[in-house]
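Visitor: Have a look; sequence and predicted model below, questions after that.
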Amino acid sequence: MDPKEIEALLQSELGLDEVHVTGEGSHFQVIAVSEAFANLSRVKQQQMIYRPLNDKISDGTIHALTIKAFTPEKWQREKLLNMPG
């Protein structure tokens, strides 16, 4: 699966402010930015990202997924440290 496909799926399902996906094969890293993360625990944030990807995880298309979730405010502070190279 191409990282751009994952970005499109997450964007269409969750309406994120920003989403960045890197990786290859079946291992991916996701950076998601949304105000919806503001009052959620880290576990709830990750569950929100996993939900639209469950079918791809179940069928083995995605084997490993690393998730970093930010509010827009926190993303402004963290962007330089976390943007994929």
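Guide: Structure's in. What do you need?
Visitor: CA atoms for contacts and neighbours, from now on please.
Guide: Will do.
Visitor: show me the contacts for the residue most central in space within the chain.
Guide: When Cα atoms, centre = their mean is applied to the chain, the residue found nearest the centroid is Val30 (3.6 Å). The neighbourhood of Val30, defined by Cα atoms under 8 Å, 6 or more residues apart in numbering, consists of 19-22, 65-68.
Visitor: how much space is there between it and Val21?
Guide: Relative to Val21, Val30 is positioned 5 Å away (criterion: Cα to Cα, to the nearest Å).
Visitor: Equivalent analysis for Glu78, please.
Guide: Distance of Glu78 to Val21, given as Cα to Cα: 16 Å.
Visitor: Which one of the two is surrounded by more residues?
Guide: In this view Glu78 and Val21 are compared by other Cα atoms under 10 Å, and Val21 has more residues nearby, 22 against 12.
Visitor: Export only the CA atoms of stretch 21-33, formatted as CSV.
Guide: Included here for stretch 21-33 are C-alpha records, laid out as CSV according to Å, rounded to 0.1, in the frame of the first residue of the first chain:
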residue,chain,number,x,y,z
VAL,A,21,2.3,9.1,6.2
THR,A,22,5.7,7.6,5.5
GLY,A,23,6.9,4.0,5.2
GLU,A,24,7.1,1.2,2.8
GLY,A,25,6.0,-2.4,2.5
SER,A,26,3.6,-3.0,5.4
HIS,A,27,5.3,-0.7,8.0
PHE,A,28,4.1,2.9,8.2
GLN,A,29,4.4,6.0,10.4
VAL,A,30,1.4,8.4,10.7
ILE,A,31,1.5,12.0,11.9
ALA,A,32,-2.1,13.3,12.3
VAL,A,33,-3.2,16.8,13.2
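Visitor: Flag every buried residue along that stretch.
Guide: Buried positions in stretch 21-33, judged by neighbour count with 16 or more other Cα atoms under 10 Å: 21-22, 26, 28-33.
Visitor: export those residues to JSON lines and tack on distance to Glu73 and pLDDT?
Guide: Output for those, formatted as JSON lines (distance: Cα to Cα, whole Å; pLDDT from 0 to 100):
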{"residue": "Val21", "distance to Glu73": "20", "pLDDT": "97"}
{"residue": "Thr22", "distance to Glu73": "22", "pLDDT": "96"}
{"residue": "Ser26", "distance to Glu73": "31", "pLDDT": "95"}
{"residue": "Phe28", "distance to Glu73": "24", "pLDDT": "97"}
{"residue": "Gln29", "distance to Glu73": "21", "pLDDT": "97"}
{"residue": "Val30", "distance to Glu73": "18", "pLDDT": "97"}
{"residue": "Ile31", "distance to Glu73": "14", "pLDDT": "96"}
{"residue": "Ala32", "distance to Glu73": "13", "pLDDT": "97"}
{"residue": "Val33", "distance to Glu73": "9", "pLDDT": "97"}
